[in-house]
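In: Predicted model follows, preceded by the sequence.
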Amino acid sequence: MTGRAGEVFDTGRTVSDIESLLAADLPTGGVPVSEGDPATGEWTGTRGEGFRVAPLWESDALTGVYGREWNEAEEAAEANLALVVAELDQRWGTHRKVSMRVPLFRGQAGEPMPALFQSLCDLDCYGDLTVWGPTVTEGRWVAVSVNQCDGDAPMIMTAVVSQLPIIELSD
């Protein structure tokens, strides 16, 4: 799924990866482009005008995992996200939530939406976003989420950095 497969979750590394993403140059033009590991083809990031999206962590695949074990895997992924959110709240203040409900339905209906949200939908990243912004780093916005694209796929924690505000889309 992603270039992060097999890595053990580490809060410090994850926050460091977010800070590196925040400090990196953002594209100033062009259509969104997803990038993959040259050897495996697994997703390593997406960039578009004014934003970047990157995987931070990937759980084990959940093929054949059901019931209590599946719930525990989901709870573990949410707990990892909570650790990252707590650390970023200390750095940037209280976060806010941005639902992916509207982009999900717009995507299903084939309706247009901002490139960042379209890219998240194209990546099956439908987890609600935990957002901070604007940050002191050039007024950029940061978001993290965790989700799963289908019942057997791994949980994936994703980061977004954007020059534009990351706000809830209207119905």
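Out: The structure has been received and is ready for your questions.
In: Verify the stated contact: residue 34 with residue 41.
Out: No - at 10.6 Å, residue 34 and residue 41 do not qualify as touching, with contact defined as CB atoms under 8 Å. In short, each C-beta sits where N, CA and C put it, glycine included.
In: if you count what's nearby, which of the two comes out ahead?
Out: residue 34 (14 against 9; other CB atoms under 10 Å).
In: Could you check the pLDDT of that one?
Out: According to the per-residue confidence, residue 34 scores 95 in pLDDT.
In: Please identify the helix or strand for it.
Out: strand 33-36 (DSSP states H and E).
In: could I get that strand in CSV with only the CA atoms?
Out: Listed in CSV are the C-alpha atoms of strand 33-36, where the atom choice follows Å, rounded to 0.1, in the frame of the first residue of the first chain:
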residue,chain,number,x,y,z
VAL,A,33,0.9,13.9,-8.9
SER,A,34,1.2,10.7,-6.8
GLU,A,35,4.7,9.3,-6.3
GLY,A,36,5.7,5.7,-5.6
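In: Show me which positions of it end up buried.
Out: Of the residues in strand 33-36, none is buried by neighbour count under the rule 16 or more other CB atoms under 10 Å.
In: residues touching residue 170, list them.
Out: By CB atoms under 8 Å, 6 or more residues apart in numbering, the residues touching residue 170 are residue 102.
In: Is it in a helix, a strand, or coil?
Out: Of the three states, residue 170 takes coil under DSSP: H, G, I helix; E, B strand; the rest coil.
In: before we move on, back to that, I'd like to know which elements the following helix or strand past the strand holding residue 34 is packed against.
Out: Note on strand 33-36: by DSSP H and E, the next helix or strand toward the C-terminus is strand 43-48. For strand 43-48, the elements it packs on are strand 33-36, strand 51-58, helix 115-122, judged by 3 or more CB pairs under 8 Å, 6 or more residues apart in numbering; DSSP states H and E.
In: okay, the ones you listed in TSV with distance to residue 71 next?
Out: As requested, these are exported to TSV (distance: least, CB to CB, whole Å):
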stretch	distance to residue 71
strand 33-36	30
strand 51-58	19
helix 115-122	25
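In: doesn't residue 146 make contact with residue 80?
Out: Yes - judged on CB under 8 Å, residue 80 makes contact with residue 146 at a distance of 7.2 Å.
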